[in-house]
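Q: Give me coordinates for this.
(chains A and B)
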Amino acid sequence: DAGITQSPRHKVTETGTPVTLRCHQTENHRYMYWYRQDPGHGLRLIHYSYGVKDTDKGEVSDGYSVSRSKTEDFLLTLESATSSQTSVYFCAIRGPGQGSYEQYFGPGTRLTVT
Amino acid sequence: AQSVTQLDSHVSVSEGTPVLLRCNYSSSYSPSLFWYVQHPNKGLQLLLKYTSAATLVKGINGFEAEFKKSETSFHLTKPSAHMSDAAEYFCVVSGSVPGTYKYIFGTGTRLKVLA
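A: Numbering: from 1, shown residues only, chains lettered A, B, ... in the order given. Predicted structure coming up:
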């Protein structure tokens, strides 16, 4: 258990509304990631963070923004939700230590945009 | 650039028979490679990882994978399938270039285990 929580776990929202998803970790990991999972696509990276206020784009970043003002929290914002953003969103951290490069994942947030 | 290809989107095996899930990768640098499993409506769990130590890697639940640099492959195997192995499996590659701690996921292989 890497101490990763996501909130909310489920959300239904209307097209055009802003949505913020939260990822919280308790073990002071430096690297945090947001992915979306869609059938046939595996997990695709949206944004990631390599420290407080340090973020970078992934392969599917259009329509998403992120913020990291504290080590433990990584927020994903959909500025104006669209139906194409209906997906399951996973947060992850990169494992600690020099020889440990694996990721650990949160439980996911199922987002439906109507 | 890095990429990963899972050669089968669906695999069906009978309970008690061997499992083979195929993964090929492309990486300009010495890669780290991982297999994750996702049971229906669940999160992702690490099965095993390769990070330039032994080329034959043993993971949880009897799974293992062999890193073959000449074939750029990292196939996942298990000698005898169990009903509880039915899930989706993801092969993941990550590079070792400093500062580029990104992970590239394959599109997944759904394993079905027949009674």
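
Q: going forward, measure contacts and count neighbours with C-alpha atoms only.
A: OK.

Q: Enumerate the residues of chain B near chain A.
A: By Cα under 8 Å from any Cα of the partner chain, the residues of chain B that approach chain A are B:32, B:34, B:42-46, B:49, B:51, B:90, B:104-108.

Q: 10 Å instead?
A: Neighbours of chain A within chain B, by Cα under 10 Å from any Cα of the partner chain: B:9, B:32-36, B:41-46, B:48-52, B:88-92, B:94-96, B:99-109.

Q: Mark which of those are part of strands, please.
A: B:32-36, B:44-46, B:48-50, B:88-92, B:94, B:103-105, B:109 (DSSP state E).

Q: Identify the neighbouring strands of the helix or strand where residue A:46 lies in the sheet and state each direction.
A: Here residue A:46, judged by DSSP states H and E, is contained in strand A:42-51. Using DSSP bridges, strand A:42-51 pairs in its sheet with strand A:32-38 (antiparallel), strand A:54-57 (antiparallel).

Q: among the ones you listed, which gets the worst mean confidence?
A: In terms of mean pLDDT, the lowest-scoring of the strands paired with strand A:42-51 is strand A:54-57 (a mean of 92).

Q: Can you give me the buried ones in that strand?
A: A:55, A:57 (16 or more other Cα atoms under 10 Å in any protein chain shown).

Q: touching chain B at all, the following helix or strand past it?
A: Toward the C-terminal end, the helix or strand that comes next after strand A:54-57 (DSSP H and E) is strand A:64-70. No: using Cα under 10 Å from any Cα, strand A:64-70 stays clear of chain B, with a minimum separation of 16.4 Å.

Q: Can you list the strands that strand A:64-70 pairs with?
A: strand A:73-78 (antiparallel).

Q: And the strand it pairs with, how far out from the chain middle?
A: 6 Å (Cα atoms, centre = their mean, to the nearest Å).

Q: Could I get the average pLDDT for it?
A: 98.

Q: Centre-most residue in the chain?
A: You didn't pick a chain, so chain A it is. Centroid check for chain A by Cα atoms, centre = their mean gives residue A:34 as the closest residue, at 2.7 Å.

Q: Chain B was what I was after
A: residue B:35 (3.3 Å).

Q: Now it. Nearest residue, chain neighbours left out?
A: Once flanking residues are discounted, residue B:35 sits nearest to residue B:91: 4.7 Å by Cα to Cα, 6 or more residues apart in numbering or on different chains.
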